[in-house]
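Participant: my questions are about this predicted structure, shown below with the sequence.
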Amino acid sequence: MIQELDIRTESRAVLRDITGEVQAVVAETGVQSGLCHLFVPHTTAGITINENCDPSVKRDILHHLGTLVPSTGLYLHREGNADAHIKAGLVGHSTTLMVEHGRLVLGTWQGILFAEFDGPRSRTVLVKIVPDS
Amino acid sequence: MIQELDIRTESRAVLRDITGEVQAVVAETGVQSGLCHLFVPHTTAGITINENCDPSVKRDILHHLGTLVPSTGLYLHREGNADAHIKAGLVGHSTTLMVEHGRLVLGTWQGILFAEFDGPRSRTVLVKIVPDS
Amino acid sequence: MIQELDIRTESRAVLRDITGEVQAVVAETGVQSGLCHLFVPHTTAGITINENCDPSVKRDILHHLGTLVPSTGLYLHREGNADAHIKAGLVGHSTTLMVEHGRLVLGTWQGILFAEFDGPRSRTVLVKIVPDS
């Protein structure tokens, strides 16, 4: 079964830690070991994993992506968000995590980050937990 | 079982929508719910997900990747396609989609894009559908 | 069950071929067909797939990533490795491969590359093999 996480982003570009929300979905399913698949059904947002301890890491990532893919440029797409499509493509739309002892397996400093590049918006993250057989 | 999609690209760099071909593989298997794993067994091509409605988005992505990773530069690799290896690494070689009611779960504007960076060539995409147990 | 690969990197940035180590894990499990999920539980290292034949491809990828994301810059993160976080995010922390006839399914020139961006360090790669049911 696919669960949906609803996310409201508050600015144009933000890396929002959703580790707690995803872990809550894992807990609800009661699955002790398996896999957790995440998928972002949007074209100007993505999902990534990175440090969620020092908030300056998230700011550095967003700022540097803005340097690599400026919001204004010689883009053909007329909606003013071509950069957001490109950034989402670099970051990626899906990831897979492992579940053990009923918990997501993550490194000490890792968090799951929803990557908004064309907010503020209401967004959805799809979560599918597959138990070991 | 692994299915193969054969793709013929017509230019050096192209983002080719293969959503219909992948959906046809899902339909053939008869799987109603599960996962669809895609893997590109090449080193100068990849796979990504992005808008497949306005074609200018695909052109912006390709053009901007060409700006970030120029086709000519101080590369050591002597086959003239170092940029294609780097671009494929940025885009990625695999992705996982969810299947529900016998169909790929994608956002309204999303398509699955085969990313050719060193064509024209004959290419393969591997598809593995895993049903829920 | 999750297996751990221990990796010792010898320099700050390196792409290290771990295909053989991952294949050995597949062989130990005895799984003939299924999926192999890889996950890097670090925030300054990642995992990618690319050519492992001509070593100049790896050098070109690392050098070009260094051009796109310089090691020194106007970063807020004070540990001196902001670039490593950004590069790891571009490369990604997880990938999924297919297993058939007891072997990883890879293209002729493909290898699985552990991407160190803040070494030398002791690192871990998590491997989970899921057999077809």
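Facilitator: Great, that's in hand. Residues are numbered from 1 along each chain as shown, chains lettered A, B, ... in the order given.

Participant: which residues in chain A form strands?
Facilitator: Assigned by DSSP state E, the strands in chain A fall at A:2-8, A:14-17, A:34-39, A:45-51, A:94-100, A:103-104, A:110-116, A:122-131.

Participant: can I get those strands in TSV with mean neighbour count?
Facilitator: Using the backbone N, CA and C atoms, a C-beta is placed for each residue, glycine as well. As requested, those are exported to TSV (neighbours: other Cβ atoms under 10 Å in any protein chain shown):
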stretch	mean neighbour count
strand A:2-8	14
strand A:14-17	20
strand A:34-39	22
strand A:45-51	25
strand A:94-100	22
strand A:103-104	15
strand A:110-116	25
strand A:122-131	18
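
Participant: among the ones you listed, which comes closest to chain C?
Facilitator: strand A:45-51 (4.3 Å; Cβ to the nearest Cβ).

Participant: partners of the closest one in the sheet?
Facilitator: Paired strands of strand A:45-51, with direction, are strand A:110-116 (antiparallel) (DSSP bridges).

Participant: between the partner strand and strand A:122-131, how many degrees?
Facilitator: Using axes from the mean of the first three to the mean of the last three Cα atoms, to 10 degrees, the direction of strand A:110-116 lies 140 degrees away from that of strand A:122-131.

Participant: render the CA-only coordinates of the lengthiest helix in chain A in PDB, please.
Facilitator: With secondary structure taken from DSSP state H, chain A has its longest helix at helix A:55-68. The C-alpha trace of helix A:55-68 is given here as PDB (Å, rounded to 0.1, in the frame of the first residue of the first chain):
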ATOM      1  CA  PRO A  55      21.600  23.700   9.400                       C
ATOM      2  CA  SER A  56      24.300  25.500   7.500                       C
ATOM      3  CA  VAL A  57      24.900  22.400   5.400                       C
ATOM      4  CA  LYS A  58      21.400  22.700   4.000                       C
ATOM      5  CA  ARG A  59      21.900  26.400   3.300                       C
ATOM      6  CA  ASP A  60      25.300  25.600   1.500                       C
ATOM      7  CA  ILE A  61      23.600  22.900  -0.600                       C
ATOM      8  CA  LEU A  62      20.800  25.200  -1.700                       C
ATOM      9  CA  HIS A  63      23.100  28.200  -2.200                       C
ATOM     10  CA  HIS A  64      25.500  26.200  -4.300                       C
ATOM     11  CA  LEU A  65      22.700  24.600  -6.400                       C
ATOM     12  CA  GLY A  66      21.600  28.200  -7.000                       C
ATOM     13  CA  THR A  67      25.100  29.100  -8.300                       C
ATOM     14  CA  LEU A  68      25.200  26.000 -10.600                       C
END
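
Participant: that helix near chain B at all?
Facilitator: Yes. Contact of helix A:55-68 with chain B (Cβ under 8 Å from any Cβ of the partner chain) involves A:Leu68.

Participant: residues in contact with that helix?
Facilitator: A:13-15, A:50-52, A:83, A:87, A:90-91, A:113, A:117, B:68, C:43, C:68-69, C:73-78, C:82, C:85-86, C:89 (Cβ atoms under 8 Å, 6 or more residues apart in numbering or on different chains).

Participant: one more pass at 7 Å, please.
Facilitator: With Cβ atoms under 7 Å, 6 or more residues apart in numbering or on different chains as the test, helix A:55-68 has contacts from A:13, A:15, A:50-51, A:87, B:68, C:68-69, C:75-77, C:82, C:85-86, C:89.

Participant: format the strands of chain A as a markdown table; extra columns: mean pLDDT and distance to B:Val25.
Facilitator: Listed next are those as a markdown table, based on pLDDT from 0 to 100; distance: least, Cβ to Cβ, whole Å:
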| stretch | mean pLDDT | distance to B:Val25 |
| --- | --- | --- |
| strand A:2-8 | 98 | 20 |
| strand A:14-17 | 98 | 34 |
| strand A:34-39 | 98 | 18 |
| strand A:45-51 | 98 | 25 |
| strand A:94-100 | 98 | 18 |
| strand A:103-104 | 98 | 30 |
| strand A:110-116 | 98 | 29 |
| strand A:122-131 | 98 | 19 |
